[in-house]
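[1] Take a look and give me a structure for this.
(one chain, ligands or ions: 1)
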Amino acid sequence: MSGFKISSALWDKIHHFASFPQTGVSLQQMVLFGQNPSQGTLFKASQFLAEELPVRLAHRVKELDQLPHKMSDMPSIHKVRNWYAQSFEELITFPKPNLTEIVRQALNDAPSAATKLPESKPNPSMYRILNSPVNGNGNGNSFKANGGAVDKTKLRIPMERRYFASTKNIEWPPEMADYNRRFTDMIDLIKKRHDPTVTTVAQGVLEWKRMYKTEHIGLDMQNWLDRFYMSRIGIRFLIGQHIALNTFPNHEDYVGIICTNCNVHDVVHEAIENARFVCEEHYGMFKGPPVQLICPKDLTFSYVPGHLSHICFELLKNSLRAVVERYGSSSEDTLPPIKVIVVEGKEDITIKISDEGGGIPRSAIPLIWTYMYTTMENPQDIEQDFTASDFQAPMAGFGYGLPLSRLYARYFGGDLRLISMEGFGTDVYVHLNRLSSSREPLQ
Ligand SMILES: Nc1ncnc2c1ncn2[C@@H]1O[C@H](COP(=O)(O)OP(=O)(O)OP(=O)(O)O)[C@@H](O)[C@H]1O
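    Just a heads-up that it's a prediction; the model follows:
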């Protein structure tokens, strides 16, 4: 258990920061901003994070503390809340560098029109989230995002006015590089501290289920988890991107962790190989079900390959499992193939994964999007596995594959849909927004 305690002074600061709205960024902005960054640009990025991360963390601390149905009292939820508070404190107390007036001036010079970032657009999934029965127009429950406390009048500088990269011809002092290095090290530690967040929150939900002897979490908790994990994806994306910009060697196809030339065929192919390997190991098969991939080999776009491979890997595991469980692992040579078709439209790149694994009963469809719903019998011991960092790629059993994959797809303006034909199989559509201009769906 973390020994960290939240003092009342720290609570005050948390409430103050949580009263500011979060500032979403778009993939496109991150790509344009991070191309060939100078120490000055990296410094600007760290200034943005030094302001934005505490706001995002403060929202989460407050939410973790105000969870409904006494969920906040669960030991694992406490633990996670304290990690967030500790990271918040480290960020707001991190010493600022001493910069000369000339350097300050250079940093504050208005960006030229040529280096201005494009505006981001609202993420389409915000509309869906706000119109869900719990948030926005719903009537049932009064539990709102952020405890309903964001003061919209506290406007913050939008991304497009905040970031610029026109700092190439300036000689930056060594203190700046030193600050950039130390800041990067600090957020790297924060990222590591939060590695087990998904698993620990899930454990908190289990503790709650046990204590109140109930099987299912309500829609309000479900929406809360969606919001919480979505926020986590965003925080980790910002931190991961910053660390990569500061520490990775230059690569012509990468800006930080964003691949500007992400080859869909290659990423999906690798996910297929990995998922089949896990399937073969799990069922003790010599050869897992065949998977056919139909995808233009030269189809590329800007994306975070890690997000795409995570989504595909999770979906493929589901399809492989469904096929094996329907036909049995001993009928290796006659298993119907899983078909993966990738097409490119103007707005979206869509990946369709079709299996003949028997589909899902219609009554179970709402459940598959809930966290911790699984039909895996004897899933791996959740609590033991949950002490590790993120998932260690088991075949199935946590019931996180679908809901988390949908969040990853939505994060950059895409979506995930599943259509089942009970008695035959399942089609899953992954829509990836290739315009990359939508900002993170933050609440
Ligand atoms: N292609 C599919 N065919 C049949 N059932 C499926 C398919 N995809 C998902 N399901 C059902 O939905 C449930 C939830 O899937 P989800 O991916 O969220 O979790 P999981 O696979 O059980 O565990 P994990 O979190 O380890 O992925 C599965 O247990 C399974 O019953």
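[2] ok, now which ones touch the residue in the chain positioned nearest to the ligand?
    Here the chain gets closest to the ligand at one residue, residue 401, 2.5 Å apart by CB to the nearest ligand atom. Every residue, glycine included, has its C-beta placed from N, CA and C. Applying CB atoms under 8 Å, 6 or more residues apart in numbering to residue 401 gives the contacts 314, 315, 317, 318.
[3] And the host helix or strand of residue 246, what does it pack against?
    Using DSSP states H and E, residue 246 falls within helix 219-247. In this structure, helix 219-247 packs against helix 27-34, helix 39-65, helix 124-130, helix 174-193, helix 197-211, helix 401-411, with contacts taken as 3 or more CB pairs under 8 Å, 6 or more residues apart in numbering; DSSP states H and E.
[4] Mind telling me which of those helices the model trusts least?
    Among those, helix 124-130 carries the lowest mean pLDDT, at a mean of 64.
[5] so what's residue 43 closest to, chain neighbours aside?
    Leaving aside its sequence neighbours, residue 43 sits nearest to residue 176 (CB to CB, 6 or more residues apart in numbering; 5.3 Å).
[6] The one you found against residue 99, yeah?
    Yes. If you go by CB atoms under 8 Å, residue 176 and residue 99 touch, sitting 7.1 Å apart.
[7] picking that back up, just the contacts of residue 401 that are near the ligand?
    Among the contacts of residue 401, the ones lying near the ligand by CB under 6 Å from any ligand atom are 314, 318.
[8] In strands only, show me the contacts of residue 401.
    For those, membership in strands holds for none, with DSSP state E as the criterion.
[9] Now for residue 106, how many residues are close by?
    The local packing of residue 106 (other CB atoms under 10 Å) involves 17 other residues.
[10] and what of residue 199?
    So residue 199, with other CB under 10 Å, has 22 neighbours.
[11] For residue 232, see how far away it is.
    12 Å (CB to CB, to the nearest Å).
[12] Next: residue 327.
    Counting by CB to CB, the gap from residue 327 to residue 232 is 37 Å.
[13] again, but for residue 421
    34 Å.
[14] Compare neighbour counts for the two and give me the winner.
    Taking neighbours as other CB under 10 Å, residue 421 and residue 232 compare with residue 232 leading, 19 against 13.
[15] number of nearby residues for the nearest residue to the more buried one once chain neighbours are set aside?
    Once flanking residues are discounted, residue 232 sits nearest to residue 197: 6.1 Å by CB to CB, 6+ apart. Residues lying near residue 197 (other CB under 10 Å) number 21.
[16] which residues in the stretch 201-350 of the chain form helices?
    219-247, 264-283, 305-327 (DSSP state H, counting those that start in this stretch).
[17] Compare the helices and strands packed on helix 219-247 and give me the one nearest residue 339.
    Of all the helices and strands packed on helix 219-247, the one in closest proximity to residue 339, counting by CB to CB, is helix 401-411 (18.5 Å).
[18] Report the angle between the closest one and helix 219-247.
    60 degrees (axes from the mean of the first three to the mean of the last three CA atoms, to 10 degrees).
[19] For the residue nearest to the spatial centre of the chain, which residues are in contact?
    For the chain, the residue nearest the mean C-alpha position is residue 233 (2.2 Å; CA atoms, centre = their mean). Residue 233 makes contact with 407, 408, 411, according to CB under 8 Å, 6+ apart.
[20] Tabulate those residues (CSV), appending distance to residue 310 and neighbour count.
    Shown next, in CSV, are these (distance: CB to CB, whole Å; neighbours: other CB atoms under 10 Å):
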residue, distance to residue 310, neighbour count
407, 10, 23
408, 6, 22
411, 11, 21
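[21] Output those in a markdown table; the columns should cover distance to residue 245.
    Shown next, in a markdown table, are those (distance: CB to CB, whole Å):
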| residue | distance to residue 245 |
| --- | --- |
| 407 | 24 |
| 408 | 21 |
| 411 | 19 |
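[22] could you dump these to a markdown table with distance to the ligand?
    Formatted as a markdown table, the contacts of residue 233 follow (distance: CB to the nearest ligand atom, whole Å):
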| residue | distance to the ligand |
| --- | --- |
| 407 | 12 |
| 408 | 13 |
| 411 | 17 |
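[23] in stretch 205-219, what counts as buried?
    Using 16 or more other CB atoms under 10 Å as the test for burial, stretch 205-219 gives 205, 206, 207, 208, 217, 218, 219.
[24] Farthest-apart pair in the residues you listed, please.
    Using CB to CB, the buried residues of stretch 205-219 span at most 20.1 Å, a distance reached by 207 and 219.
[25] tell me the contacts of residue 256?
    30, 34, 240, 241, 242, 244, 245, 248.
[26] Settle this for me: the fifth one is touching residue 184, isn't it.
    Yes. Applying CB under 8 Å as the test, residue 242 and residue 184 come out as touching, 6.6 Å apart.
[27] Between these two, tell me which one has more neighbours.
    The residue with more neighbours, out of residue 242 and residue 184, is residue 242; 26 against 21, by other CB under 10 Å.
[28] Look up the pLDDT of that one for me, please.
    pLDDT at residue 242 comes out at 95.
[29] Quick check: residues of the stretch 301-443 of the chain near the ligand?
    Proximity of the stretch 301-443 of the chain to the ligand (CB under 6 Å from any ligand atom) is limited to residues 314, 318-319, 322, 355, 357, 360, 368, 373-376, 394, 396-402, 426.
[30] From the residues you listed, keep the buried residues only.
    Counted by 16+ other CB under 10 Å, those give 314, 318-319, 322, 355, 357, 360, 368, 373-374, 396-402, 426 as buried.
[31] what's around the closest residue to residue 302 other than its chain neighbours, how many residues?
    What sits nearest to residue 302 in space, not counting adjacent residues and going by CB to CB, 6+ apart, is residue 260, at 4.9 Å. By other CB under 10 Å, 18 other residues sit near residue 260.
[32] Help me confirm that residue 260 comes into contact with residue 31.
    Yes. The pair residue 260 / residue 31 is scored as a contact, 6.1 Å apart, by CB under 8 Å.
[33] Please enumerate the shared neighbours of these two.
    Joint contacts of residue 260 and residue 31 (CB under 8 Å, 6+ apart) are residue 302.
[34] remind me which residues of this structure are low pLDDT?
    1-2, 109-116, 127-169, 378-396 (pLDDT under 70).
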